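no sequence on this one, just coordinates:
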């Protein structure tokens, strides 16, 4: 089957196809859509909730003892945060065909993920809304669990998911269609076998919108609640599949076609995808912001169960997919959704050599998957997408309370066309800035925002976001908006304390990292601690791996400073995140302190040495490898661009020091950057005082010069005229009387020069011959005395205002 090519906006996107041979699980060809058999075999168990080890029980975390094939396993669960957006919108159609929007109460505090105790290769995703429902991965085996609906004793069915999955056939994609440019394949080959999870250190977010077709609605008894819970359970488990990629799947909205399907449903799933995508752009995109929208449809497409645009996730025109719901199991259906989302994220089907841990049947297998894991190949495809900048929409951190609420006055979110939104009538009565009709009260110019206080904009220069690190830069209010400028920081590669480098807005050093974990005074351990512990290749010391999908990787000697951080001088045991463990290892006369990390929990690994940390002379850690510091490329030359009076920020703009103005710090100004807003008032005041002082002094000097010139204008012009006449006289010609007179009046010009250099009323000693050295002075003192007149001329104190004295000397 030749791969379809869709051309639009100059972008050629390929279609990804998920195929399985459904066998007896497929609905009959008459499309009666009776549910297929659900279980080949299962066992009935009664999970037992365990009491907390210490303290009072909370809903944030809990543990269960579950019997699996005769063995008791302890499952530790942690509540998911932000899985559903606040005020989750469900769109339906009424009998007249009008779109209706509801915000039903959907409990968002009963969805959990976690791990199985003492089982490194384990992962669990469960909901506890009504019994336990979800999947458990224990080693190489995958299990589904769900409550027995008619049981009053908390009975549950436990079954192996692979027994429900049909056998697969080869996908009809030729080897030629699978190939990519050689450079991409070489890069990917180099990464196979390494721990790719270190590239996914920062969580990304995919905002997903789901549409359910009319037949799926009918199949679930025409019950909107049943369809909603099917969608929520499916997306919850798909979210867990993407855990290893540090990617969260957030459900931002649901539309149920309750009356009829507004688009034609063809027998060819390829045509259906095109038709749905066209409808999506016109009907969903204007209503709810999303990165991808997928259609859940109850229909038999032969051997196909899904289709999606490859690499279309951040392309507004191609973020779409279709999944056929025929398994009658959210667990299996979640794998289909994850597979098609994988295509949106740039993933091709797995091939020989692709592994997920010890398994070869992974989520992106061209046939059905036996596991709930992505392979190393899938991760490489995803990295390729991100490296090419095609996944930038995944970096924004969603704000569910602000971005996905239905636009209406009274939801406490300032939507388009509103000045403010204070909530209900009672709340608005207490609000000094906002009316209940979402308009500002008289005299108010704002109601919310970091730069809004008492219904007024804060003055320009007020700090709205202080620096959080020495590599961070402050932001200030601009005086005309309620919002703080976007956060900026120094460019990567700038020097910081402790011989460190700035990286992603933080000064990365071992000492600072130890202090952030163990408290003030903690310092980096001697190098022997790093060398001894990071070569063990376990959860407390390694240079990669997670002990789950990839074995822990041993650090070699050159990379030991880039594995897990080791510290000394720890005075108190810190309170860390749940599931974090501290290890204390004796070394010589002291102790080395470190932490571990459990990959089954979505928390930041605080113990891995931060990228950008110095690991040798002009070397830094990057992805747990010590390499040349030149790998951190500085975006701009501060000496040239910022005139050596500022630093470059992450937007490649100059942040000028006090006294110099952006954008290039060439001229005097207030400091800051075009991104940060104007600096604080104290800085501006200091600069203004200096400016006015210099300006005032310059004006005084100018006025004094003007007055002096006006007063002695005639005398100055007379001296200048005689000087020019003398220079114009030819050489060798006898001096005339006029020239002699001019020569005789030299002293008068000299006196005028002295008068200009002094101030009125100041007496100046007039000496036509100044000794240039002590020897010349001694020679002059030993010369015979000259005439009385000359001696008097040398010793007389002249008052520059005494016209008679000047005339006497010049005669």
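Ah, there it is. Given the structure is predicted, the values throughout are model-derived calculations rather than measurements.

show me what the helix or strand encompassing residue 271 is packed against.
Assigned by DSSP states H and E, residue 271 belongs to helix 269-283. Applying 3 or more CB pairs under 8 Å, 6 or more residues apart in numbering; DSSP states H and E, one finds that helix 269-283 contacts strand 292-297, strand 304-309, strand 320-324. For glycine as for every other residue, the C-beta is placed from the backbone atoms N, C-alpha and C.

and of these, who's closest to residue 458?
The closest of the helices and strands packed on helix 269-283 to residue 458 is strand 292-297. By CB to CB, the value is 38.9 Å.

now the angle from that closest one to strand 304-309?
Interaxial angle, strand 292-297 versus strand 304-309 (axes from the mean of the first three to the mean of the last three CA atoms, to 10 degrees): 160 degrees.

neighbouring contacts of strand 292-297?
By CB atoms under 8 Å, 6 or more residues apart in numbering, the surrounding residues in contact with strand 292-297 are 206-213, 215-216, 231, 234, 265, 272, 276, 280, 284, 308, 312-313, 319-325, 337, 340-341, 344.

partners of it, with directions?
Paired strands of strand 292-297, with direction, are strand 204-212 (parallel), strand 320-324 (parallel) (DSSP bridges).

residue 474 reaches residue 466, doesn't it?
Yes. Applying CB atoms under 8 Å, one finds residue 474 in contact with residue 466, separated by 5.8 Å.

between the two, which is the more surrounded one?
Legend: neighbour count by other CB atoms under 10 Å for residue 474 and residue 466, higher for residue 474 (19 against 8).

could you find the closest non-adjacent residue to the more buried one?
Closest residue in space to residue 474, ignoring its immediate chain neighbours: residue 467 at 5.2 Å, by CB to CB, 6 or more residues apart in numbering.

can I take it that the one you found is in a helix?
No. Counting by DSSP: H, G, I helix; E, B strand; the rest coil, residue 467 is not found in a helix; it is coil.

how far away is it from residue 489?
From residue 467 across to residue 489, the span is 8 Å (CB to CB, to the nearest Å).

which one's more surrounded, those two?
residue 489 (22 against 14).

shouldn't that one be in contact with residue 470?
No. Using CB under 8 Å, residue 489 makes no contact with residue 470, being 10.0 Å away.

residues shared between the contacts of those two?
Counting by CB under 8 Å, 6+ apart, the shared contacts of residue 489 and residue 470 are residue 502.

which of the helices and strands packed on helix 269-283 sits closest to residue 394?
Comparison of those against residue 394 by CB to CB identifies strand 292-297 as nearest, at 10.4 Å.

where does residue 461 sit: helix, strand or coil?
In three-state terms, and counting by three-state DSSP, residue 461 is coil.

I'd guessed it sits against residue 475; true?
No. Taking contacts as CB under 8 Å, residue 461 lies outside contact range of residue 475: 11.1 Å.

find residues that contact each of these two.
What both residue 461 and residue 475 touch, as defined by CB under 8 Å, 6+ apart, is the set residue 677.

what about the two, which has more around it?
Shown here are residue 461 and residue 475; by other CB under 10 Å, residue 475 has more neighbours (23 against 20).

ok, the residue nearest to residue 474 to residue 488 distance?
For residue 467, the distance to residue 488 equals 11 Å [CB to CB].

the residue nearest to residue 474 against residue 475, yeah?
No. With contacts counted by CB under 8 Å, residue 467 stays clear of residue 475, the gap being 9.2 Å.

list the contacts of residue 347.
Neighbouring residues of residue 347 by CB under 8 Å, 6+ apart: 16, 310, 364, 374, 377-378, 381-382.

residue 362 - how many residues pack around it?
If you count neighbours by other CB under 10 Å, residue 362 ends up with 24.

thinking again about what came up before, joint contacts of residue 467 and residue 489?
residue 473.

give the bridge partners for residue 114, please.
So, taking DSSP bridges as the rule, residue 114 has residue 77, residue 124 as bridge partners.

for the residue nearest to residue 644 when sequence neighbours are not counted, what are phi and psi?
Ranked by CB to CB, 6+ apart and with sequence neighbours excluded, the top spatial neighbour of residue 644 is residue 638, at 7.2 Å. Per-residue torsions, residue 638: phi -70, psi -30 (degrees, to the nearest 10).

quick one, strands of the stretch 351-500 of the chain?
Applying DSSP state E, counting those that start in this stretch to the stretch 351-500 of the chain gives strands spanning 452-453, 456-457, 463-465, 475-476, 495-496, 500-503.

including distance to residue 437 and mean pLDDT, could the ones you listed go into CSV?
Converted to CSV, those look like this (distance: least, CB to CB, whole Å; pLDDT from 0 to 100):
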stretch, distance to residue 437, mean pLDDT
strand 452-453, 19, 92
strand 456-457, 21, 94
strand 463-465, 29, 89
strand 475-476, 33, 92
strand 495-496, 51, 90
strand 500-503, 48, 90
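
run through the bridge partners of residue 129.
On the basis of DSSP bridges, residue 129 is bridged to residue 131.

count the residues that sit near it.
By the criterion of other CB under 10 Å, residue 129 has 16 neighbours.

care to break this structure down by domain?
Per automatic domain parsing, the structural domains of the chain span 5-37+80-107+165-394, 495-631, 738-810.

per-residue confidence at the closest residue to residue 255 other than its chain neighbours?
Among residues not flanking residue 255 along the chain, residue 91 sits closest, at 4.1 Å (CB to CB, 6+ apart). Listed pLDDT for residue 91 reads 92.

number of residues surrounding residue 91?
21.

who does it bridge with?
Beta-bridge partners recorded for residue 91 (DSSP bridges): residue 101, residue 255.

surely it touches residue 99?
Yes. Here residue 91 reaches residue 99: they are 6.0 Å apart, a contact under CB under 8 Å.

show me the contacts for residue 494.
So residue 494 contacts 471, 501-502, 634, 647-648 (CB under 8 Å, 6+ apart).

I meant to write residue 99 there.
For residue 99, the contact set (CB under 8 Å, 6+ apart) comprises 91-93.

residues contacting residue 269?
Shown in contact with residue 269 (CB under 8 Å, 6+ apart): 301, 304, 306-307, 322, 324.

count of neighbours near residue 317?
Other residues within reach of residue 317 by the criterion other CB under 10 Å amount to 17.

could you measure from it over to residue 699?
Distance, residue 317 to residue 699, by CB to CB: 64 Å.

I'd like the helices and strands packed on helix 269-283 as TSV, with mean neighbour count, mean pLDDT and distance to residue 677 appended.
TSV is the format used below for the helices and strands packed on helix 269-283 (neighbours: other CB atoms under 10 Å; pLDDT from 0 to 100; distance: least, CB to CB, whole Å):
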stretch	mean neighbour count	mean pLDDT	distance to residue 677
strand 292-297	25	96	35
strand 304-309	26	89	41
strand 320-324	27	94	40
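
looking at the ones you listed, which is closest to residue 447?
Shortest separation from residue 447 across the helices and strands packed on helix 269-283 is recorded for strand 292-297, at 33.1 Å, computed as CB to CB.

what's the pLDDT at residue 777?
Confidence score, pLDDT, at residue 777: 35.

low pLDDT regions in the stretch 651-800 of the chain?
Regions of the stretch 651-800 of the chain meeting the criterion pLDDT under 70 cover residues 681-691, 714, 720, 723-800.

rerun at 80
The model of the stretch 651-800 of the chain has pLDDT under 80 over residues 681-693, 707-800.

ditto for the stretch 101-250 of the chain
Residue ranges of the stretch 101-250 of the chain with pLDDT under 80: 108, 120-121, 140, 161-203.

which residues of it fall in strands?
Under DSSP E, counting those that start in this stretch, the stretch 101-250 of the chain gives strands at 111-116, 122-127, 133-138, 141-147, 156-160, 204-212, 247-256.
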